[in-house]
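>>> can't give you the sequence, but here's the structure:
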């Protein structure tokens, strides 16, 4: 069997892909739509066939060829539609043929231990991502004018990013020193009374599906900024959801990502317990003992739109949550505009100060 999978329309033979608006597979040539369940059996059969014995695991399966450069992280596949060569890195799980544009899925990246447990399908399309970028640029008075032009968008890609989802329970004992102030005036004297308290909190807190991206290509801060995802819309993984999008397998294991998640859980636990200590002028933690109980870990693919723009030779990357539409990304600043605004503010303050002096 071939090392890559392409979904073909049974009506016209064209390559079909997942349509985020219809939440179905759709042929762009004859507009025929297919429910995901109708492709599920076909999906499972292909994945079962791809589970080769261990001694074949490092070989690219029949229908594709390895490049001599695979040792450098590159792999070559042959498109079943046009015969073109698809060159990708070793983590690619879904892409498109650079010659005919048909979506392709690399089966060996999604079988066995590499098969995701869950996927959140894309709900928003490329046009929505481009529109959100234009909205993101509005009202930014310090933004360079040239940066706002639409032709500055160099690339827009819908990517299923690999994430680890952690379930965990935390037991915590936290002790804080707190103060409460009371002031009053009597006669010619002002009084300030400071009361000191020792606050103790103990209890359990549960965490469900705490995410951490498992891709070295993705900036952790950028991915964290796209939260939250609505995991109630997560479904069991099927390769059909990947058709028409890009996807990578994880290159950071759950163990590699665990320290970052543990730190996040500990911080959230402290903040949750501290939020119950209200009505005090100050509250300083004195002792904290947080014990995390390991729960389940699931592997999921989450939808992200990445947009790249170029300005003065520098690339700016923006990201949009492909489910909720949350948009994040840094913007350049026009120094000339900034200096002009600062000069205007200074002149206004100076004029007001001069008028006040005249009044007195």
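Received, thanks. Only a predicted model underlies this, so the values are computations on that prediction, with no experimental measurement involved.

>>> parallel or antiparallel, list what pairs with whichever strand or helix holds residue 303.
Using DSSP states H and E, residue 303 maps to strand 282-311. Using DSSP bridges, the strands paired with strand 282-311 in its sheet are strand 118-119 (parallel), strand 153-186 (antiparallel), strand 314-321 (antiparallel).

>>> could you list everything residue 106 pairs with in the sheet?
What pairs with residue 106, by the bridge criterion (DSSP bridges), is residue 4.

>>> residues in contact with it?
Neighbour list for residue 106: 3-5, 77, 88, 92-95 [criterion: C-beta atoms under 8 Å, 6 or more residues apart in numbering]. (Glycine included, C-beta is placed from N, CA and C.)

>>> could you list the buried residues of the strand holding residue 303?
Neighbour-count burial for strand 282-311, counted by 16 or more other C-beta atoms under 10 Å, picks out 283, 290, 292, 297-307, 309.

>>> so where's the chain shaky on pLDDT?
1-3, 38-73, 140, 142, 147-152, 333-351, 353-360 (pLDDT under 70).

>>> quick one: distance of stretch 288-305 to the chain centre.
Stretch 288-305 has its average C-alpha position 14 Å from the chain's average C-alpha position, going by C-alpha atoms, centre = their mean, to the nearest Å.

>>> cool, and stretch 131-144?
The chain centre lies 21 Å from the centre of stretch 131-144; the measure is C-alpha atoms, centre = their mean.

>>> did I read that right, residue 113 in a strand?
No: if the criterion is DSSP: H, G, I helix; E, B strand; the rest coil, then residue 113 is helix and not within a strand.

>>> what's the local residue count around it?
Residue 113: 5 surrounding residues under other C-beta atoms under 10 Å.

>>> let's have the chain start at 15 instead
With the count now opening at 15, the last piece we talked about shows up as residue 127.

>>> how far away is it from residue 50?
Distance check for residue 127 against residue 50: by C-beta to C-beta, to the nearest Å, it reads 23 Å.

>>> do residue 102 as well
Distance of residue 102 to residue 50, computed by C-beta to C-beta: 25 Å.

>>> burial count for residue 33?
Per other C-beta under 10 Å, the neighbour tally for residue 33 reads 19.

>>> the closest residue in space to it that isn't next to it in sequence and residue 104, how far apart?
Distances taken as C-beta to C-beta, 6 or more residues apart in numbering place residue 40 nearest to residue 33, at 4.0 Å, with adjacent residues excluded. Remark: distance between residue 40 and residue 104 (C-beta to C-beta) = 30 Å.
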